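In: With the sequence up front, the predicted model follows.
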Amino acid sequence: ESDLERIYHFVGDPQRFSLPTVVVIDYAMPDMDGLEFCEAAADLPCKKIMFTARADASFAVAAFNRGLIHRFIRKQEPDALDQLEAAIDALQNTYFLDQSRSQAGQLGAHEFGFLRDPAAAAMVQGLCDRYGFVEYYLFTNPHGFVFFDAEGAP
């Protein structure tokens, strides 16, 4: 099976969406509060947004300092839903950059040194922005990238 065939197989597998990249948590929940949830989920690699009307700024600072949340949005803000949408987009991007950074470092140490070049990263991001690509994969035979849009089309 070629690299390209493995990528298409992976992209077509709905199980790849089984792990969340971003979780939105309310502080006031029935069985546990949002902080307890974040403590229980501290080992998960997903990013966490506290979206709440109850907690205050001192709570948010303490949660940030403990590494339990990545964003804090108060529901009372007039643009709270816009803030939430922007935070989800930004944290999804951060999640994927975090995940790919280690892989790029390993590959960049060998024949794919260009992966460590900021200009290459900027070029890939520019293509994503220009054409609406939401995923991309490096393959080695032949060398190149394959990009996918939000509908899963290559």
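Out: Okay, I see it. Keep in mind it's a predicted model, so treat the numbers as computed, not measured.
In: Let me see the ranges of the helices in this protein.
Out: 3-11, 34-40, 57-65, 80-108, 118-131 (DSSP state H).
In: which intervals of the protein have sub-threshold pLDDT?
Out: 1-4, 6-8, 11, 17, 100-111, 141-142 (pLDDT under 70).
In: what's the distance between the closest residue to residue 75 other than its chain neighbours and residue 65?
Out: In this structure, residue 75 finds its nearest non-sequential neighbour in residue 53, 4.2 Å apart by C-beta to C-beta, 6 or more residues apart in numbering. From N, CA and C alone the C-beta is placed, and that goes for glycine too. According to C-beta to C-beta, to the nearest Å, residue 53 stands 22 Å off from residue 65.
In: now do residue 119
Out: Distance, residue 119 to residue 65, using C-beta to C-beta: 35 Å.
In: And residue 151, by the same measure?
Out: Applying C-beta to C-beta to residue 151 and residue 65 gives a distance of 40 Å.
In: Same question for residue 84.
Out: On the measure of C-beta to C-beta, residue 84 and residue 65 end up 22 Å apart.
In: Comparing these two, which residue is more hemmed in?
Out: Neighbour count, other C-beta atoms under 10 Å: between residue 84 and residue 65, residue 84 has more, with 17 against 8.
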